[in-house]
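*Asks:* task: produce atomic coordinates for the following.
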Amino acid sequence: MKNKLHTILLIEDNELTNIFNEKLLINLDVTENICIANTAEKGLDFICGIGRYKTNCSTPDLIFLDINMPGMNGWEFLLEYRKLNVKKLKPIKLVMLTTSPNPDDEQKAKSFPEIIAFKRKPLTKEVILEIIADHFPDHL
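*Replies:* Take a look at the predicted model:
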């Protein structure tokens, strides 16, 4: 790998999934920073540098976003994300992760140009390396 991504943000409400994904990313050594937001609202706060993220955040290069979360779900997150002044932000690539068997979710994801991939959980080494190869070729 030439160089690591600076920051990957996991937006996921399941603590065990976050632990698994974090360990996987650490073992693959693909990023300098792994940040976790256990709600979509906290994910937006992280991106905007609001609240507890005010002094300790970096715009992520890549976000792994869960669809089904209590409160604001992944779809609602995307609608709010679109309202941000993204011109001020560096481009962020989003990967939607789900356990949903609903084929409509994958079709809906294609209507969001911000989503570069729609993947089934659990996250795997192969999926991460594929995403980096396809969307961050300077990092391999």
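*Asks:* going by C-alpha atoms from here, please, whenever you check contacts or count neighbours.
*Replies:* OK.
*Asks:* would you tell me which helix is longest in the protein?
*Replies:* Secondary structure assigned by DSSP state H gives helix 15-28 as the longest helix of the chain.
*Asks:* which residues of the chain fall in helices?
*Replies:* Here the chain has its helices, by DSSP H, at 15-28, 40-48, 74-83, 103-109, 125-135.
*Asks:* most packed of these?
*Replies:* Highest mean neighbour count among the helices of the chain (mean count of other Cα atoms under 10 Å): helix 40-48, with a mean of 21.
*Asks:* save the helices of the chain as CSV, and put in distance to Lys4 and mean pLDDT too.
*Replies:* Below are those laid out as CSV (distance: least, Cα to Cα, whole Å; pLDDT from 0 to 100):
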stretch, distance to Lys4, mean pLDDT
helix 15-28, 10, 97
helix 40-48, 19, 92
helix 74-83, 25, 94
helix 103-109, 27, 93
helix 125-135, 10, 96
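*Asks:* out of these, which comes closest to Ile34?
*Replies:* For Ile34, the closest of these is helix 15-28, at 6.8 Å, according to Cα to Cα.
*Asks:* show me what the closest one is in contact with.
*Replies:* Helix 15-28 is contacted from outside by 10, 12, 31, 34, 36, 38, 122-125, using Cα atoms under 8 Å, 6 or more residues apart in numbering.
*Asks:* narrow those to those in strands?
*Replies:* Those of the contacts of helix 15-28 mapping onto strands are 10, 31, 34, 36, per DSSP state E.
*Asks:* which of those residues are buried? Put it as a ChimeraX command.
*Replies:* This is how ChimeraX selects the buried members of the ones in strands among the contacts of helix 15-28, with burial counted by 16 or more other Cα atoms under 10 Å:
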select :10,31,34,36
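*Asks:* need the max-distance pair from the ones in strands among the contacts of helix 15-28.
*Replies:* The widest separation within the ones in strands among the contacts of helix 15-28, taken as Cα to Cα, falls between Thr31 and Ile36 and amounts to 13.4 Å.
*Asks:* nothing else from me, thank you.
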